[in-house]
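> Below is the sequence, then the predicted model.
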Amino acid sequence: MKRVWFNITVVAFGIALAVSAISAQRSNTATYDSERQVKLQGPVTRIDWVNPRAFLFVDVKDANGTVMNWAVDFGNPLELERDGWKKSSLHIGDVVTVEGSPARSQSKEALAKTVVLTSTGKRLFAPAPARPAAAAPAPTPRWPDGQVRLGPAPGKKGYWGTPSSRVFVENKGAKIPMNDDGLLRDLSDADRVAPFQPWAKALYLNRQRNLLKDDPLGRCLPQGGPRQFQMPNGFQFIEQREIGRILVLLGGGDRNWRAIYTDGRPAVPAAEAVLTYYGTSTGRWDKDTLVVDSAGYSERFWMASGGLPHTEALHLIERFSRPNYDTLKYEVTVDDPRTYTRPWNATWTVQWVPDKEIEEYFCEDNSEHSFIR
Amino acid sequence: MSAQEGHPLTGTWGGDWGASATQRNHLTFVMNWDGKNVTGTINPGPDSITLASVFLDVANWTVRFEADAKDAAGKPVHISAEGKLEDISSYHRKITGSWMQGTTRGDFKLTRD
């Protein structure tokens, strides 16, 4: 078979924040340099269509004529399947053109922005077009007594999937330029993210300058706090009304769960709680809104992407409402006077994924040491 | 070991100080951030010393400690130490620097337990 070799072109870009929102414990920001772009062309030698990250391998000829095998990360295969792609969308020997961000290390790895079949110009593994919004969303599902259901209607399947925001910033209206890992484009915007105490701002900036490489989620530790509702792979509520408990099943991160007690027990003061990743949560319904009071958080996790710090004094008030079948509104008030100068709020929505179940995902499969090369 | 991700001084620290490499004195620091001040104790127990002040300069992660203790003869002695906080993202982060106790000058090293 005649083999065709192509050249590699590396182009430095000024600032590029458009890192793909692939599910990641292996943080895209820490792994790939979004400020540079690499263009690779050559035949595919291997395809790893394995959860949580799919890789294709391409033989690429450099300017000196040396052939190097590059590993190209092109997304989560479960998400790709949802967008209509299959492993058979690409074959060994196909010549592809890949554009993306190279690894920060010297290894021959890249995170693809685009993969194009060179012979036809067809773009592969692109996200599916957004579903057109229904003319009139289905009404909020309810229990027989009229209380809002947070899960599927009887006989239906589904879970909460895509958040409207993957970053956690104070509600102030203006958008702060940052990537999906919470990495600020301009560090001088830090004061707009949250009302930090001086030490907290310094620590936040330190984490930002380190490109978030110390994120505990990268070591597969649980994602306590608001971050659990911004993870890829979604979450689900299991409402156990007979015992006064709601379980929150988390599809991303370390694939864990959290309990919200709705049996009327009093909220536990932070000073008296056993400190845990998910804290101790009590909930009550205020008309159509579930209001959850949580405290007792350990300091072993980042409550949000981007490296927002907190202390054991962290106290969260979360409000969950479901204005229609497809939308969950999440509002959170962060009260940690040891870290922030005042309580502050953030809000986002999460979209319902109908007729599906949370897919298998294990963080440990995506950690640095388990990577394929 | 998971990191403690909150205020970088909070926790229990172990180490020593001394005027030379062979003349060392054990140190245990227990510090806590209450939202306004770092409070703490040196060598908790019957001979504990309350930290009179702890100042963290977050611009360069330097720490200054002041405390009043008693020497072996029971006479008051002032302690003043200044160090640099290193590897702040690590659970076992360190503070190293200079230690002044009365008229004795030395160095110290603390590692978060």
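Yep, it's here.

> Spatially central residue in chain B, please.
The centre of chain B sits closest to B:Phe29, judged by C-alpha atoms, centre = their mean, with a distance of 5.5 Å.

> helix, strand or coil for the residue nearest to it when sequence neighbours are not counted?
Residue nearest to B:Phe29 in three dimensions, not counting chain neighbours: B:Trp13, with 4.2 Å by C-beta to C-beta, 6 or more residues apart in numbering or on different chains. Any C-beta I mention is one placed from the backbone N, CA and C, and that applies to glycine too. For B:Trp13, the assignment made with DSSP: H, G, I helix; E, B strand; the rest coil gives strand.

> wait, B:Trp13 sits on B:Phe108?
No: using C-beta atoms under 8 Å, B:Trp13 is not in contact with B:Phe108; the gap is 10.3 Å.

> Overlap in contacts, these two.
B:Leu27, B:Ile95 (C-beta atoms under 8 Å, 6 or more residues apart in numbering or on different chains).

> where's the residue nearest to the centre of chain B relative to chain A, distance?
Separation of B:Phe29 from chain A (C-beta to the nearest C-beta, to the nearest Å) stands at 17 Å.

> what about the residue nearest to B:Phe29, how many neighbours?
22 (other C-beta atoms under 10 Å in any protein chain shown).

> Now do the contacts for it.
Neighbours of B:Trp13 in contact, by C-beta under 8 Å, 6+ apart: B:Leu27, B:Thr28, B:Phe29, B:Val30, B:Met31, B:Ile95, B:Leu110, B:Thr111, B:Arg112, B:Asp113.

> Provide a list of residues in contact with the last one.
Okay, so that is B:Asp113. Per C-beta under 8 Å, 6+ apart, neighbours of B:Asp113: B:Gly11, B:Thr12, B:Trp13, B:Gly14, B:His92.

> same deal with the second one?
B:Thr28 makes contacts with B:Thr12, B:Trp13, B:Gly14, B:Ile42, B:Asn43, B:Pro44, as judged by C-beta under 8 Å, 6+ apart.

> Now with 6 Å, please.
B:Thr28 is in contact with B:Gly14, B:Asn43, counting by C-beta atoms under 6 Å, 6 or more residues apart in numbering or on different chains.

> Check the third one too.
Taking C-beta under 6 Å, 6+ apart as the definition of contact, the neighbours of B:Phe29 are B:Trp13, B:Ile42, B:Leu110.

> Kindly recompute the last result at 7 Å.
B:Trp13, B:Gly40, B:Ile42, B:Leu110 (C-beta atoms under 7 Å, 6 or more residues apart in numbering or on different chains).

> hey, what's it bridged with?
Counting by DSSP bridges, B:Phe29 is bridged to B:Trp13, B:Ile42.

> where's it relative to A:Gly75, distance?
Separation of B:Phe29 from A:Gly75 (C-beta to C-beta, to the nearest Å) stands at 48 Å.

> Widest-spaced pair of the contacts of B:Asp113?
Largest separation among the contacts of B:Asp113 by C-beta to C-beta: B:Thr12 and B:His92, giving 11.5 Å.

> who's more crowded, these two?
Comparing B:Thr12 with B:His92 by other C-beta under 10 Å, the one with more neighbours is B:Thr12, at 15 against 12.

> can you pull the contacts of the more buried one?
Counting by C-beta under 7 Å, 6+ apart, B:Thr12 has contacts B:Thr28, B:Val30, B:Asp113.

> Indicate the residue of the stretch 101-250 of chain A located nearest to chain B.
A:Ala202 (3.5 Å; C-beta to the nearest C-beta).

> Any residues of chain B in contact with chain A? List them.
B:2-8, B:33-35, B:56, B:58, B:88-89 (C-beta under 7 Å from any C-beta of the partner chain).

> Reformat those residues as a markdown table; add pLDDT.
Formatted as a markdown table, those follow (pLDDT from 0 to 100):
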| residue | pLDDT |
| --- | --- |
| B:Ser2 | 53 |
| B:Ala3 | 62 |
| B:Gln4 | 71 |
| B:Glu5 | 84 |
| B:Gly6 | 92 |
| B:His7 | 95 |
| B:Pro8 | 95 |
| B:Trp33 | 96 |
| B:Asp34 | 95 |
| B:Gly35 | 95 |
| B:Leu56 | 97 |
| B:Val58 | 96 |
| B:Ile88 | 88 |
| B:Ser89 | 80 |
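
> Give me the buried entries from those residues.
Buried residues within the residues of chain B next to chain A, defined by neighbour count using 16 or more other C-beta atoms under 10 Å in any protein chain shown: B:Ala3, B:Gln4, B:Glu5, B:Gly6, B:His7, B:Pro8, B:Trp33, B:Leu56, B:Val58, B:Ile88, B:Ser89.

> any weak-confidence spans in chain B?
Low-confidence segments of chain B (pLDDT under 70): B:1-3.

> element containing the spatially most distant residue from the centre of it?
Going by C-alpha atoms, centre = their mean, the residue of chain B most distant from its centre is B:Ala73, 23.0 Å out. B:Ala73 is part of no helix or strand, with elements assigned from DSSP states H and E.

> measure it to B:Asn43 for me?
Taking C-beta to C-beta, one finds B:Ala73 at 18 Å from B:Asn43.

> Show me what from chain A comes close to chain B.
So chain A meets chain B at A:198-199, A:202-203, A:206, A:210, A:214, A:216, A:221, A:299-302, A:309-312, A:337-338 (C-beta under 7 Å from any C-beta).

> Inside strands: which ones of the residues you listed?
Using DSSP state E, no member of the residues of chain A next to chain B sits in strands.

> Mind checking which of these are buried?
Counted by 16+ other C-beta under 10 Å, the residues of chain A next to chain B give A:199, A:202-203, A:206, A:214, A:216, A:221, A:299-302, A:309-312, A:337-338 as buried.
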